[in-house]
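Enquirer: Sequence first, predicted model second:
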Amino acid sequence: ANFDELKESFFFDVEKNQVPVLKKRLGEVCTYLEDSSTVVEGYHIYGSPWSPRFYDWGFNADRGEELAGIWAKIPTESDIVITHGPP
C-alpha cells in the first residue's frame, strides 16, 4: 500500500542501506507487486501502489501528467489491475 515507512522498516534495513528482502520476509506464499506484473493461472495481474497525492503519505503522485505517466506503464495485456487508488 502507500505506507512507505512501514514498508521500509519491515522490508529493508534502512540503516545499512541493504537490498530489499521482500522475498525472504514474505516467503513463497505471496508475490509483491510494485509497478510490476505476474501471471497466475493464465491471468496477467499488474500491481501498483500509487495514488493521488494525499498529505505526505508514501507512493503519492500529483494528478495530471505525473499520475498519467505512471498509469501509462500498465501493460495492455493486464487482465487484473490492483492499485491503491483508481487509475
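Expert: That came through fine. All values reported here derive from a predicted model rather than from experimental measurement.

Enquirer: so where is the protein shaky, pLDDT-wise?
Expert: Across the chain, the ranges flagged by pLDDT under 70 are 1-28, 87.

Enquirer: what about the strands in it?
Expert: For the chain, strands defined by DSSP state E occupy the ranges 36-40, 43-48, 51-52, 60-61, 80-83.

Enquirer: between those, which gets nearest to residue 72?
Expert: strand 43-48 (11.4 Å; C-beta to C-beta). Every residue, glycine included, has its C-beta placed from N, CA and C.

Enquirer: Can you list the buried residues in that closest one?
Expert: By 16 or more other C-beta atoms under 10 Å, the buried positions in strand 43-48 come out as 45, 46, 47, 48.

Enquirer: Make CSV from the strands of the chain and add distance to residue 73 to it.
Expert: Shown next, in CSV, are those (distance: least, C-beta to C-beta, whole Å):
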stretch, distance to residue 73
strand 36-40, 10
strand 43-48, 8
strand 51-52, 15
strand 60-61, 12
strand 80-83, 11
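
Enquirer: Go through those and name the closest to residue 29.
Expert: For residue 29, the closest of the strands of the chain is strand 36-40, at 13.1 Å, according to C-beta to C-beta.

Enquirer: Tell me which residues are up against the closest one.
Expert: Strand 36-40 is touched from outside by 31, 44, 45, 46, 47, 75, 78, with contacts defined as C-beta atoms under 8 Å, 6 or more residues apart in numbering.
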